[in-house]
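Undergrad: quick check, what structure comes out for this input:
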Amino acid sequence: MYLTTGVVVEFDELGPVRFVVRPTSQKVSAKWKDNGVVCNIPPRMTLRDIGPIVKQLAPRLLKSKTTFAFDEQNGFEVDGWRVEFIRKSIGDDKITATYSPIGCKIMVSNGADFSDDDFTRRVNGLICRIAQNLAPKILIPIAVEVSERLGVAPAKWMISHGHRTLGFCNPRREIALSYMVMFLPRELKEYIICHELAHLTEMNHSDRFHRLCNRYCEGRENELSRKVKLYRWPIIR
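TA: Model (predicted):
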């Protein structure tokens with residue numbers, strides 16, 4: 001029987017894998033999404049066909065799996081913004097927070113279990129919503145500071161909600177920074193900003209673009225680009 005979109009199969013290494021049939025696809029691909037694996041497959045594939053392929057993909061997927069970098073004892077801190085966890089006598093399902101540009105306190109119940117994936121996903125979602133609220137106050141002043149230092153400015157700075165695309169520059173010379181940039185250390189925040197500022201002059205990734213971006217980054221473009229790719233995010237993207 002051919003696999004259809006929405007079918008979920010349990011694999012020993014990966015847990016549940018959800019399949020999506022792509023009519024125009026000619027190869028199998030897989031990625032983590034919402035803490036599970038989604039596998040895109042061509043039409044007319046059976047479980048017998050796909051099983052060995054998923055097992056081949058498993059080591060790479062396990063290596064790339066994003067895990068929570070925060071824990072109850074340590075929380076985390078990025079670029080001076082500190083996230084702490086406090087146990088209180090509140091409802092078992094309740095999670096509340098207070099926050100400011102210098103820190104965030106997450107209140108959880110006395111019985112909260114930080115080893116439970118559903119609970120940590122809820123905490124993750126709350127932290128992301130807080131970051132979205134704070135991003136205009138924190139990221140845009142940094143962007144303006146870098147822009148003034150380099151002597152080049154967009155028509156407008158904006159905050160976007162994309163998780164994977166950390167920044168983009170449109171033809172109207174407007175630059176949007178993802179609120180996810182909040183979770184990068186200062187040098188990588190500035191790298192993303194420099195990258196987008198370079199797009200004001202070169203709307204591509206040509207050699208001229210990279211020379212300009214490298215100049216904006218004081219000769220560190222390659223180094224900083226690698227650091228972003230290897231960065232261990234403190235939250236799930």
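
Undergrad: drop to CA atoms for contacts and neighbour counts, all remaining ones
TA: Noted.

Undergrad: the helix or strand of the chain with the lowest mean pLDDT pairs with which strands, parallel or anti?
TA: Least confident helix or strand of the chain, by mean pLDDT, DSSP states H and E, is strand 29-33 with a mean of 86. When sheet partners are counted by DSSP bridges, strand 29-33 sits next to strand 36-41 (antiparallel).

Undergrad: could you point out which element follows the partner strand?
TA: Using DSSP states H and E, the helix or strand that follows strand 36-41 in sequence is helix 47-64.

Undergrad: list the buried residues in the next helix or strand after that following helix.
TA: Using DSSP H and E, the next helix or strand after helix 47-64 towards the C-terminus is strand 76-78. Across strand 76-78, burial judged by 16 or more other Cα atoms under 10 Å covers 76-77.

Undergrad: can you check stretch 196-206 too?
TA: Neighbour-count burial for stretch 196-206 flags 196-200, 202 (criterion: 16+ other Cα under 10 Å).

Undergrad: and of the residues you listed, the nearest to Tyr216?
TA: Ala198 (7.7 Å; Cα to Cα).

Undergrad: the closest one against Cys213, yeah?
TA: Yes - taking contacts as Cα atoms under 8 Å, Ala198 lies within contact range of Cys213: 5.4 Å.

Undergrad: can you tell me how far the residue nearest in space to the middle of the chain sits from Cys217?
TA: By Cα atoms, centre = their mean, the chain has its centre lying nearest to Arg237, at 3.1 Å. Using Cα to Cα, to the nearest Å, we find Arg237 at a distance of 25 Å from Cys217.

Undergrad: equivalent analysis for Arg129, please.
TA: 30 Å.

Undergrad: which one's more surrounded, these two?
TA: Taking neighbours as other Cα atoms under 10 Å, Arg129 and Cys217 compare with Cys217 leading, 21 against 14.

Undergrad: so the more buried one sits right up against Ile193, yeah?
TA: No - assessed by Cα under 8 Å, Cys217 is found out of contact with Ile193, at 9.7 Å.

Undergrad: chain neighbours aside, what residue packs nearest to Ser225?
TA: Tyr191 (7.8 Å; Cα to Cα, 6 or more residues apart in numbering).

Undergrad: biggest helix in this protein, by residue count?
TA: Determined from DSSP state H, the single longest helix within the chain is helix 117-150.

Undergrad: list the helices and strands it packs on?
TA: strand 95-100, strand 156-160, helix 186-198 (3 or more Cα pairs under 8 Å, 6 or more residues apart in numbering; DSSP states H and E).

Undergrad: mind checking how far that helix is from the chain centre?
TA: Relative to the mean C-alpha coordinate of its chain, helix 117-150 is positioned 11 Å out (Cα atoms, centre = their mean, to the nearest Å).

Undergrad: buried ones in that helix?
TA: Across helix 117-150, burial judged by 16+ other Cα under 10 Å covers 120-121, 123-124, 126-128, 130-132, 134-136, 138-140, 142-144, 146-147.

Undergrad: what mean pLDDT does it get?
TA: If you average the pLDDT over helix 117-150, you get 94.

Undergrad: what's the angle between that helix and strand 156-160?
TA: Angle between the axes of helix 117-150 and strand 156-160 is 170 degrees (criterion: axes from the mean of the first three to the mean of the last three Cα atoms, to 10 degrees).
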